[in-house]
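Student: Sequence first, predicted model second:
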Amino acid sequence: MCGTCGCGDGETKIEAASVNGANGARHGDAHGDHDHDHDGHHHHDHTHSHAHEHTHENGVTHSHPHTHHHTHDHEHGEGHDHGEGDHHDHGHGHAHSHGGGDHHHEHGVEHDHSHSHGHGHSHEHDHKARVVKIEQDVLSKNDAFARENRARFARDGILALNLVSSPGSGKTTLLVGSIERLKADVPVAVIEGDQQTTNDAERIRATGAPAIQINTGKGCHLDAHMTGHAADHLAPGKGAVLFIENVGNLVCPAMFDLGEEARVVLCSVTEGEDKPLKYPDMFRTSHLMLITKVDLLPHLDFDVEALAANARAINPRIKILRVSAKTGEGMEAWAGWLRAQRTLALTGLETSGV
């Protein structure tokens, strides 16, 4: 489970590089579709049973069996190697009863215990500090991977964009229209993020652009680690525009830097004008807001100016464009923004002497 947002982990799958005719990954390993635990650790469970003796103040000793359930977290780096220095965190709990009363014990890594003695025991645990530490550790690891991704993209003059939104805002349809406008003179590649299916990646590949699908399973967001692996497989060329279509979610993706140059948030006119006020972290961390599906405005009671005002109230520096991938309205302005951002990314490539 993700220690930050509580979503599932260990079920992430990344398509094989062969779907785009690629030759392999940067790490030199031959991957097919494969699973990753992207918090930098592996998670294992096991149980065992044994008995122990318990002596009461009255001198009576009981022997009683019980079962322990253990959770092991194995910390490792990107190489996924386990050596003699493997780190394991163990947590277990058990309950048992005997003639004098009931006993319940909860055991973790670090706890303050208060005991009520007699024939019953109760242990009070305050986990708040540990939860905060886990969240900090998860984000710290993600930020380290994001820095690696960002350095790689900058070195190769790649403009990486993180597209975020609620489900159904039109991200994939926007990308299809964007690729059609760029592909004649701009190399484009796409990383698709969804909990299940490869539908979106297949739609992108139908345009002729390379794309790779990340399925996050129970996960509700992409992170920098899985993005880096997907980029390895996809191998975008130098000077490419790399679109990263995140999982549809305005909450958790706001916390995870993928190493992108800019974050682009989409908000469709079929959503509420108060979306930026309800989900401020996402709009505060975005560079550009695209108001999508504006062709539907004649049929809706939607105040575009109110949406824009709410977004600027949260983030005064955010840029705003109105687009319709269906009619083409605003798409040239969006393509112009992309070309301008790519020119800046290419400046880093030129100064590196490549």
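Tutor: Everything's here; your move. Numbering: from 1, shown residues only.

Student: Kindly indicate whether A184 is helix, strand or coil.
Tutor: Following DSSP: H, G, I helix; E, B strand; the rest coil, the label given to A184 is coil.

Student: That one: how many residues sit nearby?
Tutor: 6 (other Cβ atoms under 10 Å). Placement of C-beta: from N, CA and C, glycine included.

Student: what are the phi and psi angles of it?
Tutor: With angles defined as degrees, to the nearest 10, A184 sits at phi -70, psi -30.

Student: who's in contact with D303?
Tutor: Counting by Cβ atoms under 8 Å, 6 or more residues apart in numbering, D303 touches E273.

Student: Check it and give its pLDDT.
Tutor: At D303, the model reports a pLDDT of 98.

Student: Against G170, how distant is it?
Tutor: 19 Å (Cβ to Cβ, to the nearest Å).

Student: outside of stretch 165-182, which residues touch it?
Tutor: Residues lying outside stretch 165-182 but in contact with it, judged by Cβ under 8 Å, 6+ apart, are 163, 188, 190, 192, 200, 203-204, 207-209, 241, 243, 245, 248-250, 265-268, 270-271, 275, 290, 292-293, 323, 325-326, 328, 331-332, 334-335, 338-339.

Student: Could I get the buried residue list for that stretch?
Tutor: By neighbour count with 16 or more other Cβ atoms under 10 Å, stretch 165-182 contains the buried residues 165-166, 169-182.

Student: Dump it to CSV, restricted to CA.
Tutor: Included here for stretch 165-182 are C-alpha records, laid out as CSV according to Å, rounded to 0.1, in the frame of the first residue of the first chain:
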residue,chain,number,x,y,z
SER,A,165,-7.3,15.7,-14.8
SER,A,166,-10.4,14.0,-13.5
PRO,A,167,-11.5,10.9,-15.4
GLY,A,168,-13.3,11.7,-18.7
SER,A,169,-11.9,15.2,-19.2
GLY,A,170,-10.6,14.3,-22.7
LYS,A,171,-6.9,13.8,-22.2
THR,A,172,-6.5,11.0,-24.7
THR,A,173,-8.7,12.7,-27.3
LEU,A,174,-6.6,15.9,-26.8
LEU,A,175,-3.4,13.9,-27.3
VAL,A,176,-4.6,12.3,-30.6
GLY,A,177,-5.4,15.8,-31.9
SER,A,178,-2.1,17.2,-30.7
ILE,A,179,-0.1,14.4,-32.3
GLU,A,180,-1.8,15.0,-35.6
ARG,A,181,-0.7,18.7,-35.5
LEU,A,182,2.9,18.0,-34.4
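
Student: Looking at the buried residues of stretch 165-182, which one is closest to P316?
Tutor: Nearest to P316 among the buried residues of stretch 165-182, counting by Cβ to Cβ, is S165 at 21.0 Å.

Student: does that closest one have beta-bridge partners, and which?
Tutor: Beta bridges link S165 to L266 when assigned by DSSP bridges.

Student: Roughly how far does it sit from Y279?
Tutor: According to Cβ to Cβ, S165 stands 10 Å off from Y279.

Student: again with T207
Tutor: For T207, the distance to Y279 - Cβ to Cβ - is 30 Å.

Student: do N20 as well
Tutor: Separation of N20 from Y279 (Cβ to Cβ): 33 Å.

Student: Over to H233?
Tutor: H233 is 31 Å from Y279, by Cβ to Cβ.

Student: Who has more neighbours out of those two?
Tutor: Counted by other Cβ under 10 Å, H233 and Y279 do not tie: H233 has more neighbours, with 24 against 19.

Student: got a pLDDT number for that one?
Tutor: 96.

Student: Apart from its chain neighbours, what residue comes closest to it?
Tutor: Take H233 and drop its neighbours on the chain: the residue closest to it by Cβ to Cβ, 6 or more residues apart in numbering is A17, 4.1 Å away.

Student: surely that neighbour meets A231?
Tutor: No: if you go by Cβ atoms under 8 Å, A17 and A231 don't touch, sitting 10.9 Å apart.

Student: what's near enough to touch L277?
Tutor: Per Cβ under 8 Å, 6+ apart, neighbours of L277: 310, 313-314.

Student: Check whether Q195 really touches K218, as I assumed.
Tutor: Yes: contact criterion Cβ under 8 Å: Q195 and K218 qualify, at 7.2 Å.
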